[in-house]
Structure formats: structure tokens, C-alpha cells
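Colleague: Only the shape, not the letters, is given here:
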């Protein structure tokens, strides 16, 4: 297939591009390479895909030197005219939208960035798919949408009416916008709620990177809510496998839809949402212990209260994804952390 992957210089997006290319697809990658975190890490991921930093320019295609089926363009999702032209000329069969302004805490200090990328940008994706006969839109949502929901494990059949950060609110908005387009224009859309993704080439604003870097440099780590938190850590390879498999599962309308008892996970329109999580919530202190084991050094810990926008726990019920694809995430946390620490040391020559 001919596939557009947005966020292609990002942690998940670059890994998805690699996997799709290995599968035999033709891929166009898009990213604006903003400075939310060190752009050199993004250029490093692109280099793994055969795109040299010096070949990257705004609104110009760069061809991969390692795989002729991959090309990359630097562009903002919210640039309506440029996105219209990209879709009109791209002939995309499938769109995997992983481009977004990420981060819960940053959404508190810079909310406008989230509206521009996650709302304005997403409507351009939907419009591009609608007007250019895209067969399936797969897009990133987040476990953050569950917000104040305390019923665990989190199920797609639960309501998501109470987000606790603007980031989560924009991801919930994406799901609502996608449903409207599925219903109005018969556009098949699938939203994927990711649960705490980690692994090599990960984002430096997330805890694995922050903790590994601090421990290796003998700095204290910040342990929020005094360590009393749980996260459903999901290894990058499991996330990628789930994304690639769900691309081939084009949603159909729920023939058993009951409008008197509507199911948030489905619709009479060709619309679905799925959790992708490891289904094994881990206590924060146990997670830190895994990093200490991988490094061979105990962390100095600075215990702090809960941060605004954080939730106490995430815990995925990924059974629907398993039923749809025959796959469920299963990488053990210690194994994934070991690989992440090994990559970190190699990348930063430590």
C-alpha cells in the first residue's frame, strides 16, 4: 500500500515507518521536527530510515538512501493549503496519524500548541482522507482520555467524560471528530489509545529517559506522588505490532448498535477505538527497580507530590485489540528496560 505516516520523526512514528517498509509498503513520512525536545534525536531517527539531516527542508521531499520506497517531507499538520496539496498528489491508501503535540505537563504551560497541532492539524487529516478516498485512517489517541475514571482495567466501553489535562481533552476531541467523519462520510477510522510507551529512541521528556539519564549521571530522580502510582508500561515493539496489524482491520458499522444504550467503543458508522497496553500495571517503585537492575546502580530519589494533570494509575484492557488482530502486547518490563538502557548507553556513548 501507499501510506502516509505523520509524526515520522517521532518515537512511535519512526518505528512504524520502519515496520511498514519491512512489510513491503511504500511510505511517505511527515513531521515538523519542532523543538519540544532535542531535534537531534528526531534527526537521528530519520537517519535510521536513510534520511540525512542536510536533505531535510520545509515542503520538499527527501528520498531515503537506504530504501527507495520511503520519502520524507517537513510540514506542519495545521498548514491547511500544504496538507491539501499533499493529499491531492499523494494517492494514499492508508493514513497513520501519529503526529501531535505530546506531553501532559507541557499542555498546562503551552496550551495553544495543542490546539494548533492536535485539533487544527487533525481536521486537516480528516479532510484530506475524506476528499481523497483514503481507505482507512488510523490515529493515535491516548490512555490519558480515561481521566478521572477509576474503574480498572480501563475498557473502551467505559465513558471518557472527565479528562484532567488539555492534552487528554484534545485526544478525546480527535475521537469525537473521527466519529463525526465516519458517520457523515463513511470514512473508516480507528483510534488507538496508547499506554505509557517506552523503549529505544524514546522521548526524553518521559520517565524512562529521565530516570536512566539521572541515574547514569548520579543525579536524583523525581518520584511523584511519593512513588504511589501505577503505569501500564508498553514496549515500543508491541505498540508498533499493534498499529501495523490494526491497519489491515478496516472497521465496519456495529450491526447490533443500540441507540438506547450506546457503546462508546463502537458505532453504526465504520468507527472503532482500541486500547494498546501491556495489561500489567506496575508500581512506580517496582519500575524504578527495573531501571536500577539494568544499570546496576541504585537511584537517588527525591519524593514529590502528584503533578497537575497526572492520574494515579493506568491499566489497559487490550482484549478487543487481541480479538481483532490476534495479537496482544507481551514484552516483560525488565526485558524492555534492559534494551532501553543498552540503547541509551550506546547512543550517548556512556
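Modeller: Received the coordinates, thanks. What you see is a predicted model, and the numbers here were worked out from it, not measured in a lab.
Colleague: contacts and neighbour counts: CA atoms only from here.
Modeller: OK.
Colleague: Report how many residues lie close to the residue nearest to residue 146 when sequence neighbours are not counted.
Modeller: Among residues not flanking residue 146 along the chain, residue 160 sits closest, at 5.1 Å (C-alpha to C-alpha, 6 or more residues apart in numbering). Taking other C-alpha atoms under 10 Å as the criterion, the count of residues near residue 160 is 17.
Colleague: so where do the strands sit in this protein?
Modeller: If DSSP state E is used as the criterion, the strands of the chain fall at 2-6, 26-31, 61-63, 70-74, 94-97, 136-142, 189-194, 197-198, 221-223, 230-231, 234-235, 271-276, 282-283, 301-303.
Colleague: Quick one: distance of the fourth one to the chain centre.
Modeller: To tie it back to what came earlier, the one meant is strand 70-74. A distance of 19 Å separates the C-alpha centroid of strand 70-74 from that of its chain, computed with C-alpha atoms, centre = their mean, to the nearest Å.
Colleague: contact partners of it?
Modeller: Counting by C-alpha atoms under 8 Å, 6 or more residues apart in numbering, the neighbours of strand 70-74 from elsewhere in the structure are 21, 26-33, 49, 51, 56-64.
Colleague: Repeat the analysis, applying 6 Å as the threshold.
Modeller: Counting contacts by C-alpha atoms under 6 Å, 6 or more residues apart in numbering, the residues outside strand 70-74 that touch it are 27-32, 58-64.
Colleague: Ok, the fifth one next?
Modeller: Contact partners of strand 94-97, identified using C-alpha under 6 Å, 6+ apart, comprise 3, 4, 5, 6, 134, 135, 136, 137, 138, 139.
Colleague: for this protein, where's the lowest mean pLDDT among helices and strands?
Modeller: helix 106-109 (a mean of 88; mean pLDDT, DSSP states H and E).
Colleague: Any chance you could list what contacts that one?
Modeller: 166, 167.
Colleague: ok, the closest residue to residue 158 other than its chain neighbours - how many residues close by?
Modeller: Counting by C-alpha to C-alpha, 6+ apart, the nearest residue to residue 158 once its immediate chain neighbours are dropped is residue 264, at 6.8 Å. With neighbours defined by other C-alpha under 10 Å, the count for residue 264 comes to 14.
Colleague: now the one 4 residues further on
Modeller: A total of 16 residues lie near residue 268 under the criterion other C-alpha under 10 Å.
Colleague: what does residue 173 give?
Modeller: In terms of burial, residue 173 registers 17 neighbours under the definition other C-alpha under 10 Å.
Colleague: Now it: closest residue in space that isn't a chain neighbour?
Modeller: Setting aside the residues directly before and after it, residue 173 is nearest to residue 119 in space (C-alpha to C-alpha, 6+ apart), at 7.5 Å.
Colleague: Any idea how many residues pack against that neighbour?
Modeller: A count of neighbours around residue 119, defined by other C-alpha under 10 Å, yields 21.
Colleague: Next: the one 3 residues further on.
Modeller: Other residues near residue 122 come to 25 when the count uses other C-alpha under 10 Å.
Colleague: Per-residue pLDDT of it, please?
Modeller: pLDDT recorded at residue 122 is 98.
Colleague: Then residue 308?
Modeller: In this prediction residue 308 is given a pLDDT of 83.
Colleague: tell me the phi and psi of it?
Modeller: phi -60, psi 140 (degrees, to the nearest 10).
Colleague: bridging residues for the residue nearest in space to the middle of the chain?
Modeller: A centroid search over the chain (C-alpha atoms, centre = their mean) returns residue 140, at 5.1 Å, as the residue closest to the centre. Under the criterion DSSP bridges, residue 140 forms beta bridges with residue 192.
Colleague: and if you look at residue 63?
Modeller: In this structure, residue 63 has the following beta-bridge partners (DSSP bridges): residue 71.
Colleague: Could you report the separation of it from residue 29?
Modeller: Relative to residue 29, residue 63 is positioned 10 Å away (C-alpha to C-alpha, to the nearest Å).
Colleague: Please apply the same query to residue 157.
Modeller: Residue 157 sits 32 Å away from residue 29, going by C-alpha to C-alpha.
Colleague: neighbour count winner among these two?
Modeller: When residue 157 and residue 29 are compared on other C-alpha under 10 Å, the one with more neighbours turns out to be residue 29, at 25 against 13.
Colleague: what about residue 97, how many neighbours?
Modeller: Under the neighbour criterion other C-alpha under 10 Å, residue 97 is assigned a count of 24.
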